[in-house]
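Enquirer: I would like to see how this sequence folds:
(2 chains)
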Amino acid sequence: MLGKIDVGLRVVDLEKSYQSGHAERPLFGNLSFDLGRRGRLAILGRNGQGKSTLIKVLGGVLHPSAGRVHWSMSSSWPIGFGGAFQGSLSGLDNIRFLSRLYNRDYATMLEQVDDFAELGTALTRPVKHYSSGMRARLAFGLSLAIEFDCYLIDELVSVGDARFQQKCNEELFERRANRAFMMASHDMRMISSLCDQALIIEGGRAKLFDDIGEAVEIYSWLKAA
Amino acid sequence: MSDIVICIAPSAEAPGWARALMSAIGPVDLAGRVLVTESLSEAYESDAATRVLVMSSPAALATRSSQFPPGGLHWLVQASKSLAMTAEMINSGAVVLDAAAAKLDFPGLGEVVRSDLELDIQVDHHAASLGLYEGLPNSARFGVNWSQDVFSYLLGERLTGGSPEVDITGRARMLLHGPYIHLFNGQWRVKLKFEVNTEGLAIPLVVEWGHGGEFALQEVTISRSGVYELEMTQGWRNVAPAQVRIQVIRPSFGGRLRVLDCRVDRLPDADLDSGEKRG
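Expert: Alright, predicted model coming up:
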């Protein structure tokens, strides 16, 4: 049980439904948990069960159908999600916009993003002309430059090539080892080595497991069944 | 080796009989022909031609045969062992003498007068689980209903401490075991009634009944919520602690289980050759 001061995120009775014809279909419901300021939560579930939706709800991209999400630490937008950019602005202008929004020094931020995302002159082009990989790298670079307390990671595998993924791992899990994160992934080796709790979403229900090995066993069976 | 073993089973009167027999045996048993013991195990393991049991009621025997306080699970295991050994000795022809009598005629010793008297104490809680022995020494049939609270339920990595309302969510594992109540030689049948809420899942269970390394086994996959009953029979060759075990054999995302009743009966000796498993 976390003390009040250690809780960075409190989720209470969270529910997300979607409209299917005339009926409301629950994606998940009755979800309550706390995440510590250094908590490392895996979000597991088969495709279509609602992992990405949960991350978007926690990141403020989607509204919940019911329940509360209370952050007492700063959280990134979902990494791997590039939907928040203003497409007609260039990469540079987006960096400038976010540096103002988050009250960061533009020059420093630009240097950090450029160094990490390796987009070079592409930063001068409108973001709407970027490939999805380029958008994800820009988003990832920005989230690292802003230095959040908690990172929301939706399937890191989808961002860039192997070398870039290695870079992401180093930046996120080694240099920022004292931060919290929530990570949706199908990579059980990564989950087992990095996370200390897991949430499994299956058939409209979500359950939290303190034993990561147990969660991986259950999820592996669900995936195989 | 003694020809006669006199076992003073635990009872309120046992100390009085122990003193009386010790003083009586001195001048008589110079050749060690008669062994007097207060240990049921010693009498049970003895191969003497004649075994004599001095006992009062099964309840008194159960109450006094363990160093654990009456009512707890540890007491239950030890008390059942004493009762099972007693039952088997009686079944194999031991002479039973009533400890409550003031004087008794012992084989090889003649008449002995008890030294004094003590008051018995009451047993509670788990005592009902030993009900199969309540007819001793005259019972021909043994049967009892065990309630859900005689079993042990796992709690995380621990083998005990869990709730009888079992949450099946988790890895493949044992859900419940016990009660380690001792039974004696013969065929013992269990009828286990339990309730499962599948929460929409298919839940594969293995149910076992037996002792040591000898178990009757049934594998069932429960895919609809409801009340289920399984029947199994397993043989006992010696006194040994009985176990019902329920395991979930695959990781499960949900499901709940609760034991409703567990009926245990010793089949008549004529049925000793019946099958090991009845579903």
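
Enquirer: Mind listing residues that contact the longest helix belonging to chain A?
Expert: When chain A is parsed with DSSP state H, its longest helix is helix A:132-146. With contact meaning CB atoms under 8 Å, 6 or more residues apart in numbering or on different chains, helix A:132-146 is reached by A:76-77, A:79-82, A:84-85, A:91, A:94-95, A:98, A:102, A:104, A:108-109, A:112-114, A:116-119, A:122-123, A:127, A:130, A:151, A:158-160, A:164, A:168, A:171-172, A:176. The C-beta positions use only the backbone N, C-alpha and C, and glycine is treated the same way.

Enquirer: which of those residues are close to chain B?
Expert: Contacts with chain B within the contacts of helix A:132-146, counted by CB under 8 Å from any CB of the partner chain: none were found.

Enquirer: Show me these that map onto helices.
Expert: The members of the contacts of helix A:132-146 that map onto helices under DSSP H are A:91, A:94-95, A:98, A:108-109, A:112-114, A:116-117, A:164, A:168.

Enquirer: what about stretch B:244-258, distance to the chain center?
Expert: Remark: stretch B:244-258 is offset 26 Å from the chain centroid, using CA atoms, centre = their mean, to the nearest Å.

Enquirer: So it, near chain A or not?
Expert: Yes: using CB under 8 Å from any CB, stretch B:244-258 reaches chain A at B:Arg250, B:Pro251, B:Ser252, B:Phe253, B:Gly254.

Enquirer: buried set for that stretch?
Expert: Of all the residues in stretch B:244-258, those buried under the rule 16 or more other CB atoms under 10 Å in any protein chain shown are B:244-248, B:250-258.

Enquirer: cool, and stretch B:192-207?
Expert: Across stretch B:192-207, burial judged by 16+ other CB under 10 Å covers B:192-194, B:196-199, B:201, B:203-207.

Enquirer: what's the answer for stretch A:202-216, then?
Expert: Residues A:Glu202, A:Gly203, A:Gly204, A:Arg205, A:Ala206, A:Lys207, A:Phe209, A:Asp211, A:Ile212, A:Glu214, A:Ala215, A:Val216 are the ones in stretch A:202-216 that count as buried (16+ other CB under 10 Å).

Enquirer: what is the residue nearest the centre of chain A paired to in the beta sheet?
Expert: Centroid-nearest residue in chain A, with CA atoms, centre = their mean: A:Leu152, separated by 2.1 Å. Beta-bridge partners for A:Leu152, by DSSP bridges, are A:Pro78, A:Met182.

Enquirer: and the lowest-mean-pLDDT helix or strand in chain A, how far out from the chain's middle?
Expert: Ranked by mean pLDDT, DSSP states H and E, the weakest helix or strand in chain A is helix A:162-169, scoring a mean of 80. Distance of helix A:162-169 from the chain centroid (CA atoms, centre = their mean) equals 16 Å.

Enquirer: Over to stretch A:135-150?
Expert: With CA atoms, centre = their mean, you get 10 Å for stretch A:135-150.

Enquirer: Which parts of the least confident helix or strand of chain A count as buried, going by neighbours?
Expert: Neighbour counts using 16+ other CB under 10 Å place A:Phe164, A:Lys167, A:Cys168 of helix A:162-169 among the buried residues.

Enquirer: right, and the second one touches A:Phe116 too?
Expert: Yes: counting by CB atoms under 8 Å, a contact exists between A:Lys167 and A:Phe116, whose distance comes to 7.2 Å.

Enquirer: and the closest residue to A:Asn30 other than its chain neighbours, what does it touch?
Expert: Of all residues not flanking A:Asn30 in the chain, A:Asp13 sits nearest, at 6.2 Å (CB to CB, 6 or more residues apart in numbering or on different chains). Listed by CB under 8 Å, 6+ apart, the contact partners of A:Asp13 are A:Asn30, A:Leu31, A:Ser32, A:Ala66, A:Gly67, A:Arg68.

Enquirer: What is the burial count for residue 145?
Expert: I'll assume chain A. Per other CB atoms under 10 Å in any protein chain shown, the neighbour tally for A:Ala145 reads 23.

Enquirer: actually chain B
Expert: Applying other CB under 10 Å, I find that B:Asn145 has 15 neighbouring residues.

Enquirer: Who is it paired with across the strands?
Expert: Under the criterion used here (DSSP bridges), B:Asn145 is bridged to B:Arg263.

Enquirer: Pretty sure it sits against B:Asp261.
Expert: Yes: counting by CB under 8 Å, B:Asp261 is a contact partner of B:Asn145 at 6.0 Å.

Enquirer: B:Ala60 is in contact with B:Glu134, correct?
Expert: No: taking contacts as CB under 8 Å, B:Glu134 lies outside contact range of B:Ala60: 11.4 Å.

Enquirer: So between the two, which is more surrounded?
Expert: It is B:Ala60, of B:Glu134 and B:Ala60, that has more neighbours when counted by other CB under 10 Å, with 21 against 16.

Enquirer: now the more buried one: how far from B:Ser223?
Expert: Distance, B:Ala60 to B:Ser223, using CB to CB, to the nearest Å: 49 Å.

Enquirer: got it, and B:Ser41?
Expert: According to CB to CB, B:Ser41 and B:Ser223 sit 47 Å apart.
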